[in-house]
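> Quick one, what's the 3D model for this:
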Amino acid sequence: MAPEGKSRKPANTAFKQQRLKAWQPILTPKTVLPTFFIVGIIFAPLGGLLLYASNNVSEMIIDYTYCDSQAPISPELGNIPSEFVNSYFSQSNSTSAKWSRLVTEPKEKNFTGENIWSCRLQFTIPSELKPPIFLYYRLTNFYQNHRRYVKSFDANQLKGDAVPVGTLKAGNCKPLGESDNQLAIYPCGLIANSMFNDTINNFTLLNPTGGTNESESYEFSQSNIAWPSDKQKYGKTQYKPSEIVPPPDWANRYPNGTYTDEYPPPDISTDEPFQVWMRTAGLPDFRKLYGRNDSSILKAGTYEVVIDYKFPVTRYGGTKSLVVSTVSFLGGRNPFLGIAYIVSGVICVLFGCIFTARHLYKPRKLGDHTYLSWNNQPAK
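Residues are numbered from 1 along each chain as shown. Purely as a prediction, here's the structure:
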């Protein structure tokens, strides 16, 4: 008797023979109609709660993209066009904003000897804002989600390892892994090279209360702005300053565009703005946290802030904005989610009413075989 060959027939089990027990609900008016009303009753109030929490978030957005071309020369101040200013305050949305541009002398962080354009913004906070207060920068039309951009970094280098130049040259950091003089670029890659570098200085309250003419400063800290999980990805580099050079767009921060013992490479393990930037955004329009204040009240009044205008956005059709915001117990301002829940709840209740009226007016017998297609023979 010949031996039996191997069979590809599945074993005779309930799982492999698709005999597992299953439950298939029968959709009847008695089950569907209450479901519509229950979903509507739950979703509509929940949406109202989400919308209420969102509306309690105070926020101001100032687009300063064209400050270098449209704003008057300081000390003259001009009104910022209304389309560049958006504000949402619980008590009053009436706010004014002005701007001017000024030229500052070359600073220590600019070794090219070129003057730096700065944007001077004055804006009004109509009501007192309780901490925490968050300061963001907002960019539009910046595609951090591009495939080649997202992977343009070296994880080992970011952890602190002295990765050889050849590895960087052939890895994901290409073409920003090696400099013209065959030195490693640190930190390498497109993400690090394009880091947002506008400097947003502390706010100055111009008209403080209390009978004093001295201005008050409102400071934002750059501590605890990065995710704890992100901080674990970075370490102090083991490179020597002579073995590396800064990325091309960082060159003006260092003498002759090189690292030295006096101006060493940054310690990215503690550089939280860098860590925030390295977490790429999923959409082309995004905001990233620049600073926060968890203890001081932002008083009502007129504030002034000077922003060193260095990050170019008009070359790719983008914009950049300053964002000041509070938070609610559900996070930042986002009315879409609350509106979506309310609309969904209203639609469910509306359909429930329509289907209930239809069922009461002309009910359909459950299990009526006359509605089957093969019972409805076309007339000859």
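
> neighbours of the nearest residue to Tyr254 once chain neighbours are set aside, just the number please.
Nearest residue to Tyr254, sequence neighbours excluded (CB to CB, 6 or more residues apart in numbering): Tyr263, at 5.1 Å. No exception for glycine: its C-beta is placed from N, CA and C like everyone else's. By the criterion of other CB atoms under 10 Å, Tyr263 has 17 neighbours.

> so which helix or strand takes in Tyr263?
Under the criterion of DSSP states H and E, Tyr263 resides outside all helices and strands.

> cool, Ile62 as well?
strand 59-63.

> Tell me which strands that strand pairs with, and in which orientation.
When pairs are called by DSSP bridges, strand 59-63 turns out to pair with strand 85-88 (antiparallel), strand 319-325 (antiparallel).

> Go ahead and confirm the residue nearest to Tyr254 touches Ala251.
No: the pair Tyr263 / Ala251 is not scored as a contact, 11.8 Å apart, by CB atoms under 8 Å.

> quick one on the thing from earlier: helix or strand next in line after the strand holding Ile62, which one?
Counting by DSSP H and E, what follows strand 59-63 is helix 67-70.

> what lines up beside the longest strand along the chain in the sheet?
Taking DSSP state E as the criterion, the chain has its longest strand at strand 116-125. Here strand 116-125 is paired, per DSSP bridges, with strand 97-104 (antiparallel), strand 301-308 (antiparallel).

> will you turn those strands into CSV that also has distance to Ala357, mean neighbour count and mean pLDDT?
Compiled in CSV, these are given as follows (distance: least, CB to CB, whole Å; neighbours: other CB atoms under 10 Å; pLDDT from 0 to 100):
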stretch, distance to Ala357, mean neighbour count, mean pLDDT
strand 97-104, 53, 18, 85
strand 301-308, 57, 19, 91
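
> In a markdown table, list the ones you listed along with distance to Phe15.
Output for the strands paired with strand 116-125, formatted as a markdown table (distance: least, CB to CB, whole Å):
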| stretch | distance to Phe15 |
| --- | --- |
| strand 97-104 | 66 |
| strand 301-308 | 64 |
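
> Quick check: which ranges of the stretch 101-250 of the chain have low pLDDT?
104-115, 208-214 (pLDDT under 70).

> re the thing from before, pull the distance from the longest strand of the chain to the chain's centre.
Its chain's C-alpha centre and that of strand 116-125 lie 23 Å apart, by CA atoms, centre = their mean, to the nearest Å.

> Which parts of the stretch 251-380 of the chain are helices?
272-278, 335-361 (DSSP state H, counting those that start in this stretch).

> closest one to Arg315 among the ones you listed?
helix 272-278 (18.7 Å; CB to CB).

> picking that back up, and the strands paired with strand 59-63, which is most packed in?
Most buried of these, by mean neighbour count (mean count of other CB atoms under 10 Å): strand 319-325, with a mean of 21.

> could you dump that strand to PDB, C-alpha only?
This file holds the C-alpha atoms of strand 319-325, laid out as PDB (Å, rounded to 0.1, in the frame of the first residue of the first chain):
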ATOM      1  CA  THR A 319       3.800  82.000   6.400                       C
ATOM      2  CA  LYS A 320       5.000  82.200  10.000                       C
ATOM      3  CA  SER A 321       3.000  83.400  13.000                       C
ATOM      4  CA  LEU A 322       3.300  84.100  16.700                       C
ATOM      5  CA  VAL A 323       0.700  82.300  18.800                       C
ATOM      6  CA  VAL A 324      -0.100  82.900  22.500                       C
ATOM      7  CA  SER A 325      -2.600  80.500  24.000                       C
END
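
> Show me what the mean pLDDT comes to for the helix or strand containing Pro45.
Element membership for Pro45, per DSSP H and E: helix 29-55. Helix 29-55 shows a mean pLDDT of 92.

> Now do the buried residues in it.
For helix 29-55, the neighbour count (16 or more other CB atoms under 10 Å) marks 33, 36, 39-40, 43-44, 46-47, 50-51, 53-54 as buried.

> Likewise for stretch 353-368?
Thr356.

> returning to what we had before: now flag whichever of the buried residues of helix 29-55 is closest to Phe142.
Ser54 (25.1 Å).

> residues contacting the closest one?
328, 330, 333-335, 337-338 (CB atoms under 8 Å, 6 or more residues apart in numbering).

> By pLDDT, give me the weakest of the residues you listed.
Among these, Leu330 has the lowest pLDDT, at 82.

> Check the gap between the closest residue in space to that one that isn't next to it in sequence and Met278 for me.
Once flanking residues are discounted, Leu330 sits nearest to Ala53: 4.6 Å by CB to CB, 6+ apart. To Met278, Ala53 is 30 Å away according to CB to CB, to the nearest Å.
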